[in-house]
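[1] Can you look at this prediction? I've put the sequence above it.
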Number of protein chains: 2
Amino acid sequence: MPCREKEVNPVPETFPNTPEAARPTMIDVARRAGVGLGTVSRVVNGGHGVRDETAQRVRTAIDQLGFQRNEVARALRPGKKSSSLALVLGDLTNPFYATIAKASLEVAGQSGFAVVLGSVDEDPEGEKRAIRELVSRQVAGLMIVPDQGDHAFLQGAGVPVVFVDRPATGIDADIVMVDNEGGGRLAAEHLLGQGHERIAILLAPSYYTTGRRLRGFRRAHRSAGLDVDESLVVQLPEGNAESAEKATRELMLRPDPPTAIFASTNFLTEGVLRALGELRRDPAVVGFDDFRLADMLPTPVTVVASDIAELGRSAARLLLDRAAGADTRPPQRIVLPCALIPRGSGERPPKKKR
Amino acid sequence: MPCREKEVNPVPETFPNTPEAARPTMIDVARRAGVGLGTVSRVVNGGHGVRDETAQRVRTAIDQLGFQRNEVARALRPGKKSSSLALVLGDLTNPFYATIAKASLEVAGQSGFAVVLGSVDEDPEGEKRAIRELVSRQVAGLMIVPDQGDHAFLQGAGVPVVFVDRPATGIDADIVMVDNEGGGRLAAEHLLGQGHERIAILLAPSYYTTGRRLRGFRRAHRSAGLDVDESLVVQLPEGNAESAEKATRELMLRPDPPTAIFASTNFLTEGVLRALGELRRDPAVVGFDDFRLADMLPTPVTVVASDIAELGRSAARLLLDRAAGADTRPPQRIVLPCALIPRGSGERPPKKKR
DNA sequence: TTCCTGGACGGTAACGTTTCCAAGTTTTAG
DNA sequence: CTAAAACTTGGAAACGTTACCGTCCAGGAA
């Protein structure tokens, strides 16, 4: 039997049975080290203006007591914000948002910042409430994937704000997003380049990004000297797969179905593929945003992709700089490029109508 | 000029353009409403023991000033914890974790609680540090998807803890998880029932869940009167798809390959399918945990699934009750059931060897 | 020596809230 | 009508930290 050696854990031993373990405060540390409160604070905050010997005594006391600074009390002091950022977004289940969350979390963590997530329903009112709650927690900054609706109420919040993925109206703040228009153009150009002339576009009701992608789509058509058939521009009532599935079915059952489909969102792409699978039809398909397993589907899916993680990282970095006052430039607008990844579904030639 | 005597807050020296808008405090509200500070506090906290008329005056002042309680100052009072829960987990990019996060976020939000995410690298030391940081933020409770390693240091933290998905050693706390053993048994029974006798199992290095799933796998074999071929029990060095892909390739290129594979994790399942696709082999496959698009792959994937969202919800609910002191039962152990969802990949009969 | 300079340190006042206590006011009971 | 009880209300202390303002001491300059 492997007699595991004892844990190498000279942890400050708290008593097992005390649920209310009073955590030691700076005062306890000061008493233990035989110094004043101010000195402890100075040591904890980098130790300027403290003699090495004294600082060492304080550090010893800190270790012995297992002291850890109470961030709440610290944040109470005027001027000091808590060392947390807030992240307000929709559906964490959507890999797109999850990626943003993960990336910003990493960057924030490296600077010792925690990230508070706001639970957001779909409605703008819920978003507003969530934001207010986060602000009341004295977060040092807000990262918001904004819903439609006016965000002017953020203007006087006294907290730096960075919008992610899409800008908000009513306030001029930093924004980090992808080149939606370029992506839309890329997708359309790719399909047009294969000879497709009847291309449908499915749009989720997320006004800004949707609009830009559509604009790029139109531009590509114009450059190619073609008109967009407005009946192939489908505004979906919801942004989920089911909605796209239904719309695709209707599209393909028309007497003049499109020969290609551009799904402007990862969930929409899924819906499109689902419908096509059932209908046994195979128009060309290009999706916006890459997704897991896209390359493993019966026909690997061609997508317009961008570095979503970088979206989150940039946002967090920018926000941290703003919060620290290290960045006083006027509101920035960071736009990340898109690239088309051909995998098969987007390279199917148009079927001759007759 | 109205020689108002020094108001504490006649818009301090903030310049019009400064983002530093001083938010009103309870003192401002009290002055405005012509009442005492205590009265404002009482109104804000539900308004017991305050005359209706007075309360109304206070509420009016609150609205006029746009006052909002400073949660940080509130949390400073002894006994009061901040109204945030902490959630410590690994990779938000994994839909499994994302689902937990989303669900717990919803439940917490309904009770006015925010959720602070700890950024967690892979190492136990990072986890420990993240937890300490969160505790220093005075969160009301911790939800942890624990890494291996001792968690005894949480014993004296003075905060209720709920472990999610797997228990931790060194501390007796609430735990919410799925029936790993049952799930493992289910998968194996399903495959054995089809006549498979050489079933490989791929295990990610997450000791607890992995161990239980393997145990169920073994039990099913024993019940069927079969021995597990230990060379088909593959402990992967990492829990990602690449690792599983490599292992699968090696398995299938053996002279005596398995006729079925049980992938004990969603990412592993992906790796397995990837390898099989390239090798053009089609043993039966069952995965643990459902995943998006599982039903749309060339061969729809049979999985053992459970209600992951409920995992997150239960954890949050339990933690909220503990934090409120509403639940003083001994540590609970909530186990959610698993079910097998046949989709095709798990229903392939064994190929006759020769 | 004396004076000054400057670094090291101790003490204390905030920060915005909750909670307790005392004081004031109304209602109820006798 | 009076006394007690119940309810309102104002004020102040405390939570743990940081920032500021002194004091003290060493050491250099005069």
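    Sure, I can see it. Residues are numbered from 1 along each chain as shown, chains lettered A, B, ... in the order given.

[2] which parts of the stretch 151-300 of chain A sit against chain B?
    A:156-160, A:270, A:273-274, A:277, A:291-293, A:296-298 (C-beta under 8 Å from any C-beta of the partner chain). The C-beta positions use only the backbone N, C-alpha and C, and glycine is treated the same way.

[3] So chain A: which segments form each domain?
    A:26-69, A:84-178+A:309-335, A:180-305 (automatic domain parsing).

[4] Skipping its backbone neighbours, what lies nearest the residue most central in space within chain A in space?
    Among the residues of chain A, the one closest to the centroid is A:Ile100, at 2.9 Å (C-alpha atoms, centre = their mean). Leaving aside its chain neighbours, A:Ile100 sits nearest to A:Gly312 (3.9 Å; criterion: C-beta to C-beta, 6 or more residues apart in numbering or on different chains).

[5] residues near that neighbour, how many?
    Counted with other C-beta atoms under 10 Å in any protein chain shown, the neighbours of A:Gly312 add up to 28.

[6] A:Ala241 too?
    For A:Ala241, the neighbour count with other C-beta under 10 Å is 22.

[7] and if you look at A:Pro337?
    For A:Pro337, the neighbour count with other C-beta under 10 Å is 11.

[8] before we move on, what about A:Pro342?
    A:Pro342, neighbours per other C-beta under 10 Å, totals 13.

[9] Contacts only, for it.
    Taking C-beta atoms under 8 Å, 6 or more residues apart in numbering or on different chains as the contact definition, A:Pro342 lies against A:His190, A:Thr302.

[10] tell me the pLDDT at it?
    Residue-level confidence at A:Pro342 comes out at 98, pLDDT.

[11] for A:Ala247, same thing?
    Note on A:Ala247: pLDDT of 98.

[12] I'd guessed it sits against A:Val233; true?
    No. Judged on C-beta atoms under 8 Å, A:Ala247 makes no contact with A:Val233 at a distance of 11.1 Å.

[13] the more surrounded of the two?
    Neighbours were counted for A:Ala247 and for A:Val233 using other C-beta under 10 Å; A:Ala247 has more, 23 against 15.

[14] how much space between that one and A:Val135?
    Distance of A:Ala247 to A:Val135, computed by C-beta to C-beta, to the nearest Å: 39 Å.

[15] hmm, back to that, can you read off the backbone torsions of the residue nearest to A:Ile100?
    Dihedral pair for A:Gly312: phi -70, psi -40, per degrees, to the nearest 10.

[16] likewise A:Arg280?
    According to degrees, to the nearest 10, A:Arg280 has phi 60, psi 40.

[17] now the one 4 residues further on
    Dihedral pair for A:Ala284: phi -70, psi 150, per degrees, to the nearest 10.

[18] just A:Val145 next, same as before
    phi -90, psi 100.

[19] now A:Gly38
    Main-chain dihedrals, A:Gly38, degrees, to the nearest 10: phi -60, psi -40.

[20] which ones are touching it?
    Taking C-beta under 8 Å, 6+ apart, we find A:Gly38 in contact with no residue.

[21] What of A:Val159?
    By C-beta under 8 Å, 6+ apart, the contact set of A:Val159 is A:Lys81, A:Val135, A:Val139, A:Ala140, A:Gly141, A:Leu142, B:Pro19.

[22] cool, and A:Asp91?
    When contacts are counted by C-beta under 8 Å, 6+ apart, A:Asp91 is found next to A:Tyr97, B:Lys102.

[23] Check it and give its pLDDT.
    We have a pLDDT of 89 for A:Asp91.

[24] measure it to DNA strand D for me?
    According to C-beta to the nearest atom of the strand, to the nearest Å, A:Asp91 and DNA strand D sit 37 Å apart.

[25] and if you look at A:Val178?
    39 Å.

[26] wait, that residue sits on A:Asp165?
    Yes. A:Val178 lies in contact with A:Asp165 (C-beta under 8 Å); the separation is 7.4 Å.

[27] shared neighbours, the two?
    Here A:Val178 and A:Asp165 have A:Leu311 as joint contacts, going by C-beta under 8 Å, 6+ apart.

[28] Go through the domains of chain A and name the closest to DNA strand C.
    DNA strand C sits nearest to domain A:26-69 of all these, at 2.7 Å, using C-beta to the nearest atom of the strand.

[29] pLDDT averaged over that closest one - what is it?
    92.

[30] so how far is it from its chain's centroid?
    From the chain centre to the centre of domain A:26-69 is a distance of 39 Å (C-alpha atoms, centre = their mean, to the nearest Å).

[31] Now do the end-to-end distance for it.
    One end of domain A:26-69 to the other measures 8 Å (C-alpha to C-alpha, to the nearest Å).

[32] again, but for stretch A:146-165
    Counting by C-alpha to C-alpha, the terminal residues of stretch A:146-165 are separated by 8 Å.

[33] Helices along chain A, start to end?
    For chain A, the helices defined by DSSP state H cover A:26-33, A:37-44, A:52-65, A:71-76, A:95-110, A:124-136, A:180-193, A:207-223, A:241-252, A:266-279, A:308-324.

[34] Quick one: closest of these to B:Gly126.
    Comparing the helices of chain A by their distance to B:Gly126 (C-beta to C-beta), the top pick is helix A:95-110, with 8.8 Å.

[35] which of the residues of the stretch 151-300 of chain A next to chain B count as buried?
    Listed as buried from those are A:157-160, A:270, A:273-274, A:277, A:291-293, A:296-297; burial here means 16 or more other C-beta atoms under 10 Å in any protein chain shown.

[36] if we take the residues you listed, which one ends up nearest to DNA strand D?
    Among these, A:Gly158 lies closest to DNA strand D (C-beta to the nearest atom of the strand), at 17.6 Å.

[37] pretty sure that closest one contacts B:Arg23?
    Yes. Contact criterion C-beta under 8 Å: A:Gly158 and B:Arg23 qualify, at 6.5 Å.

[38] what distance separates the helix-or-strand element of chain A with minimal mean pLDDT from the centre of its chain?
    In chain A, no helix or strand scores lower on mean pLDDT, DSSP states H and E than helix A:124-136, which sits at a mean of 89. Its chain's C-alpha centre and that of helix A:124-136 lie 17 Å apart, by C-alpha atoms, centre = their mean.
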